[in-house]
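Undergrad: Below is the structure, and that's it, no one-letter string:
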């Protein structure tokens, strides 16, 4: 498309050259993508998204005051994230990250 | 596939009638994992392996048959019973070898020495909840090839025989295979 064609489109209806135009832009939709700010978004223990309630909590359907399931995420020093419920069961057996085998220590918790 | 889905739905429906909340909750987590993992296992089964569920509604117990197509145990047919405990996947499945065989890592009682089936391990080879049923099948199948280990034997006699005389070892392996074939 040449520069002149673009100008014709930009001027739109105002210059009264409607009949010359092939098409006019009537509507456009913007699409945005997002993802959780974590290295891996699926809990490797129960294979449910870390931002959703874990498999155990889904079964029990525990709810917090906002009516959402109260199942928090835990990040280790190794930057791997899991459901706190899943990880606390595993560290009882072996205090290592199941993904990288590093000694498990909590970096932060929450959502 | 249809059976698995039906099984999953049945579990959900049966939940309110369960005996105790604790046991029902645990069974359901294991079974939810199994619905996905059994399907995944079936889709990724090595050509030397086959699985059989005695009761199609019980995904936690099955028989794995390995027919190695290379190595010392070629021509043999080895059956393993796999039992997935209620604490899966915090605990590895319990596996026994049902076929008597001459192998450095499986003793004549059917106990198996395979690192990924070990509950407590300090290295990356032991059990971890990130492992799945397909990994267990892969491990058992590889005991006849890549994971065969004469250096850390469970059946010490078998490992020593191999080190002294490989031909004698090979003969004994095939003798055991011949005996199990005769029984069938």
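TA: All right, it came through fine. It should be emphasised that the depicted structure is a prediction, and the values quoted were computed from it without experimental measurement. Numbers count the residues shown, from 1 in each chain, chains lettered A, B, ... in the order given.

Undergrad: For the spatially closest residue to residue B:84 that is not a sequence neighbour, which residues are in contact?
TA: Leaving aside its sequence neighbours, residue B:84 sits nearest to residue B:60 (C-beta to C-beta, 6 or more residues apart in numbering or on different chains; 4.2 Å). (Each C-beta comes from the backbone N, C-alpha and C, glycine too.) Residues near residue B:60 by C-beta atoms under 8 Å, 6 or more residues apart in numbering or on different chains: B:30-31, B:34, B:83-85, B:88.

Undergrad: Return the distance of residue B:60 relative to chain A.
TA: Counting by C-beta to the nearest C-beta, to the nearest Å, the gap from residue B:60 to chain A is 16 Å.

Undergrad: how about the strands of the chain, start to end?
TA: Unless you meant another one, I'm taking chain A. Assigned by DSSP state E, the strands in chain A fall at A:73-76, A:81-83, A:106-110.

Undergrad: wrong chain, I was asking about chain B
TA: Counting by DSSP E, the strands of chain B are B:49-52, B:61-66, B:78-83, B:94-97.

Undergrad: hang on, residue A:58 packs against residue A:48?
TA: Yes. Contact between residue A:58 and residue A:48 holds when scored by C-beta atoms under 8 Å: they sit 7.2 Å apart.

Undergrad: ok so, going back, most neighbours of all the contacts of residue B:60, which one?
TA: residue B:84 (25 neighbours; other C-beta atoms under 10 Å in any protein chain shown).

Undergrad: How much space separates that one from residue B:34?
TA: In this view, residue B:84 and residue B:34 are 6 Å apart by C-beta to C-beta, to the nearest Å.

Undergrad: any common contacting residues for the two?
TA: Counting by C-beta under 8 Å, 6+ apart, the shared contacts of residue B:84 and residue B:34 are B:59-60, B:133.

Undergrad: Please identify which two of the contacts of residue B:60 are farthest apart in space.
TA: The two members of the contacts of residue B:60 with the most space between them (C-beta to C-beta) are B:31 and B:83, at 13.8 Å.

Undergrad: and chain A, which of its residues are near chain B?
TA: A:44-47, A:55-56, A:59-60, A:86, A:89-90, A:93-94, A:98-99, A:101 (C-beta under 8 Å from any C-beta of the partner chain).

Undergrad: 10 Å instead, please
TA: A:43-48, A:54-56, A:58-60, A:82, A:86-87, A:89-90, A:92-94, A:96-101 (C-beta under 10 Å from any C-beta of the partner chain).

Undergrad: Residue A:55: neighbour count?
TA: Neighbour tally, residue A:55, other C-beta under 10 Å: 22.

Undergrad: Excluding sequence neighbours, find me the nearest residue to it.
TA: residue A:46 is the one closest to residue A:55 (C-beta to C-beta, 6+ apart), at 3.9 Å.

Undergrad: just to revisit the earlier point, so which of the shared contacts of residue B:84 and residue B:34 is the closest to residue B:43?
TA: Among the shared contacts of residue B:84 and residue B:34, and counting by C-beta to C-beta, the member closest to residue B:43 is residue B:133, at 11.1 Å.

Undergrad: count of neighbours near that closest one?
TA: Neighbour count for residue B:133, taken as other C-beta under 10 Å: 26.

Undergrad: quick one: it and chain A, what's the gap?
TA: Counting by C-beta to the nearest C-beta, the gap from residue B:133 to chain A is 13 Å.

Undergrad: how about that residue, what does it touch?
TA: Residues near residue B:133 by C-beta atoms under 10 Å, 6 or more residues apart in numbering or on different chains: B:33-34, B:36-42, B:44, B:51, B:59, B:62, B:64, B:82, B:84, B:88-89, B:93.

Undergrad: Sweet, I'm off.
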